[in-house]
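1. sequence and predicted model, in that order:
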Amino acid sequence: MAPDDKNRATAAAILPLVGGAQNVTSVAHCMTRLRLGLADRSLVDDDALKALPAVMGVVEDDTYQIVLGPGTVARVTPELEAMVAERRTEAPAEHPPTAEELAAQGAAIKEARKAKNATPFKLFLRRIANIFVPLIPALIGCGIIAGINGLLINLEWLPSITPALAAIASGFMALIAVFVGFNTAKEFGGTPILGGAVAAIIVYAGVANIEAFGQKLSPGQGGVLGALGAAVLATYVEKWCRKWVPEAVDVLVTPTLTVLVSGLVTIFGLMFLAGEVSTGIGTAANWLLDNTGAFAGLVLGGLFLPLVMLGLHQALIPIHTTLIEQQGFTVLLPILAMAGAGQVGCAIAVYKRLKHNKSIRTTIKSALPAGFLGVGEPLIYGVSLPLGRPFVTACVGGAAGGAFIGFFSMIGDKVGSTAIGPSGWALFPLLDGNKGLGLTIAIYGGGLLVGYLVGFFATYFFGFSKQMLVELNADDAEGTAADTDAAATATPEPATRPTAPEAEPARA
């Protein structure tokens, strides 16, 4: 089957299982997940969706998220969007609901989502993620080009080409503040181009002639954090102007005041303050790994999967981006990627221990290749989390791998990533460090191996009670199905229906 036909077939299979075109209110995607807004959640057939060959898992959050994996999701999404639009046109609802019914249904959905996910902190983190996640493809592409260019320079190959590659790799990072400002204004309800215009002040070379707090400013000072603050301020100024400026002069006055007021505050306040915060983040990350590397790696690698489940990992996205801006790479991502290594080792151990459970073994066989490449959702939601104890032993494997990389950072051999998003083996092309590419790759590869081994042995020997092994190794189909349900009830309720929002960067 041709790739286009395959993606269209996947979309066609998904659509009726989510209630049809009339039930889909929005279609979007991130790095690995198709994210659907649904009018009526009860119309979704979860089990049938999970059984589709292309579907790695489902997650319910503020949107209904179907895990398709990197690459696939970007191709299936436009097919589904076209299909939804086409079928809405062809087959309008036979019995249109009344306005009262729609209002009641909308209120019920809104209240249900509020109760589950809409804590102020989670909403804030989700907004931060919505600002930075769209930048990840450019970060990955430019990061890989930077890695190739560095290799060519070290080998003294193609000297006439490397300056061009350097320009291609660095152009996006030089202007990343503008893109952050654009996305921030869009996310907070302002005019995106005004957010980008104010953020552009930060990277303008002419700010070097301006003094603030007794110091000369430097282009780029404050980085993405300054751009974020500047664009948020611009959005509030714009909203105030829309409220008070007469409509006859709104088109002239509102943009002018928005850029002027926000720009002055950015130049004489935000750039300096955000610059101090950014410097503090870089200093703190370096100090942490230089002085407590093994312990810091153990904590970060061991707790990353629970952070993902709680949705708190999104707070790390601007930190990663700030470190990449300052140092050229983030030293945190390779450590956090060890959580995925522990998950892979855990899954292999589960496969070995549950020799008679065909259902779980089939899930592991299909999900393991994606796990090696850093896409961990199928193994987390399909294997370790429903089983309970293996999720904990997977975290132990991640802690061991993180401690391994943290130890080398403590003795001066830093391992970093030039972009966020990929994990596992997919992170190799993005690796960078302070002691040469060969050593950096060796340390990261060693960390993965430690994570695999510790995750495997911790799960093999401590991941199951005797009763769990007896129940989960039942030969007959009925026993397998029943025991899988029993295993799911042995873990806390959130494990059976994960609701944490997604972590695009730093896949587990």
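-> Structure's in. What do you need? What you are looking at is a predicted structure, and each value in this text was computed from that prediction instead of being measured.
2. what helices or strands is the strand or helix carrying residue 459 leaning on?
-> Per DSSP states H and E: residue 459 is located in helix 437-462. Under the contact criterion of 3 or more C-beta pairs under 8 Å, 6 or more residues apart in numbering; DSSP states H and E, the helices and strands touching helix 437-462 comprise helix 136-155, helix 333-336, helix 338-353, helix 389-410, strand 415-417, strand 431-433. For the C-beta atoms, the positions are set from N, CA and C on the backbone; glycine is no exception.
3. what's next to the fifth one, contact-wise?
-> Residues outside strand 415-417 that contact it (C-beta atoms under 8 Å, 6 or more residues apart in numbering): 143, 323, 327-331, 333-334, 405, 408-409, 427, 430-433, 440, 443-444, 447.
4. show me the contacts for residue 141.
-> Contacts of residue 141 by C-beta under 8 Å, 6+ apart: none found.
5. relative to residue 446, how far out is it?
-> Distance, residue 141 to residue 446, using C-beta to C-beta, to the nearest Å: 27 Å.
6. check residue 206 too.
-> Following C-beta to C-beta, the distance that separates residue 206 from residue 446 is 47 Å.
7. the two: which is more packed in?
-> When residue 206 and residue 446 are compared on other C-beta atoms under 10 Å, the one with more neighbours turns out to be residue 446, at 15 against 9.
8. with adjacent residues omitted, what lies nearest to that one?
-> Take residue 446 and drop its neighbours on the chain: the residue closest to it by C-beta to C-beta, 6 or more residues apart in numbering is residue 404, 6.1 Å away.
9. ok, how many other residues are close to the one you found?
-> Per other C-beta under 10 Å, the neighbour tally for residue 404 reads 26.
10. what number of residues lie near residue 358?
-> Neighbour count of residue 358, defined by other C-beta under 10 Å: 12.
11. my error: substitute residue 125 in the last question.
-> 20.
12. that older thread, I'd like the helices and strands packed on helix 437-462 as TSV, with mean pLDDT and distance to residue 36 appended.
-> TSV is the format used below for the helices and strands packed on helix 437-462 (pLDDT from 0 to 100; distance: least, C-beta to C-beta, whole Å):
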stretch	mean pLDDT	distance to residue 36
helix 136-155	86	21
helix 333-336	95	28
helix 338-353	95	26
helix 389-410	95	27
strand 415-417	93	30
strand 431-433	90	35
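13. make TSV out of the ones you listed and add distance to residue 6.
-> Conversion of the helices and strands packed on helix 437-462 to TSV gives the following (distance: least, C-beta to C-beta, whole Å):
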stretch	distance to residue 6
helix 136-155	22
helix 333-336	32
helix 338-353	26
helix 389-410	32
strand 415-417	31
strand 431-433	32
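14. can you say which of these is nearest to residue 161?
-> Using C-beta to C-beta as the measure, helix 136-155 is the one of the helices and strands packed on helix 437-462 that comes nearest residue 161, at 7.2 Å.
15. buried set for the closest one?
-> In terms of neighbour count (16 or more other C-beta atoms under 10 Å), helix 136-155 has its buried residues at 136, 139, 140, 142, 143, 144, 145, 146, 147, 149, 150, 152.
16. how about stretch 419-434?
-> Within stretch 419-434, judged by 16+ other C-beta under 10 Å, the buried ones are 419-427, 429-434.
17. coming back round to it: what about the helices and strands packed on helix 437-462, which gets the closest to residue 282?
-> Ranking the helices and strands packed on helix 437-462 by their distance to residue 282 (criterion: C-beta to C-beta) puts strand 415-417 first, at 11.8 Å.
18. that closest one: how far from the chain's middle?
-> Chain-centre distance of strand 415-417: 17 Å, with C-alpha atoms, centre = their mean, to the nearest Å.
19. likewise stretch 32-40?
-> 16 Å.
20. residues in contact with it: which ones?
-> Contact with stretch 32-40 is made by 14, 18-19, 22-29, 44, 59, 63-70, 73, 76-77, 80, 105, 109, 375, 377, 502, 504, 507, as judged by C-beta under 8 Å, 6+ apart.
21. generate a ChimeraX selection restricted to the buried subset of the residues you listed.
-> Selecting in ChimeraX just the buried members of the contacts of stretch 32-40, where the criterion is 16+ other C-beta under 10 Å, is done with this command:
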select :14,18,19,22,23,24,27,29,44,59,63,64,65,66,67,68,69,70,73,76,77,80,109,375,377,502,504,507
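22. so which of the contacts of stretch 32-40 are in strands?
-> Secondary structure of these is defined by DSSP state E; positions in strands are 24, 25, 26, 27, 28, 29, 59, 64, 65, 66, 67.
23. closest to residue 157 out of the residues you listed?
-> When the ones in strands among the contacts of stretch 32-40 are ranked by distance to residue 157 (C-beta to C-beta), residue 29 comes first, at 37.5 Å.
24. which residues touch the closest residue to the closest one other than its chain neighbours?
-> Spatially, and ignoring its direct neighbours in sequence, residue 29 is nearest to residue 77 (4.3 Å; C-beta to C-beta, 6+ apart). Residue 77 makes contact with 27, 28, 29, 34, according to C-beta under 8 Å, 6+ apart.
25. so can I have TSV of those residues showing pLDDT?
-> Converted to TSV, the contacts of residue 77 look like this (pLDDT from 0 to 100):
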residue	pLDDT
27	89
28	85
29	83
34	89
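26. distance to residue 222 for those residues - can I get that in JSON lines?
-> Output for those, formatted as JSON lines (distance: C-beta to C-beta, whole Å):
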{"residue": "27", "distance to residue 222": "36"}
{"residue": "28", "distance to residue 222": "30"}
{"residue": "29", "distance to residue 222": "31"}
{"residue": "34", "distance to residue 222": "36"}
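27. any idea how far residue 239 is from the nearest residue to residue 433 once chain neighbours are set aside?
-> Nearest-residue entry for residue 433: residue 440, 3.6 Å, with adjacent residues in sequence omitted and distances by C-beta to C-beta, 6+ apart. Spatial separation of residue 440 from residue 239 under the definition C-beta to C-beta is 47 Å.
28. neighbour count winner among those two?
-> Neighbours per residue, other C-beta under 10 Å: of residue 440 and residue 239, the larger number sits with residue 440, 23 against 15.
29. where does the prediction get shaky in the stretch 51-200 of the chain?
-> Low-confidence segments of the stretch 51-200 of the chain, defined by pLDDT under 70, are located at 90-119.
30. switch to 80 and redo it
-> Across the stretch 51-200 of the chain, the stretches falling below the confidence threshold (pLDDT under 80) are 60-62, 69-71, 88-123, 125-126, 154.
31. name the next helix or strand downstream of the helix or strand hosting residue 302, please.
-> Under the criterion DSSP H and E, the helix or strand holding residue 302 is helix 271-310. For helix 271-310, the following helix or strand on the C-terminal side (DSSP H and E) is helix 317-327.
32. cool, thanks, signing off.
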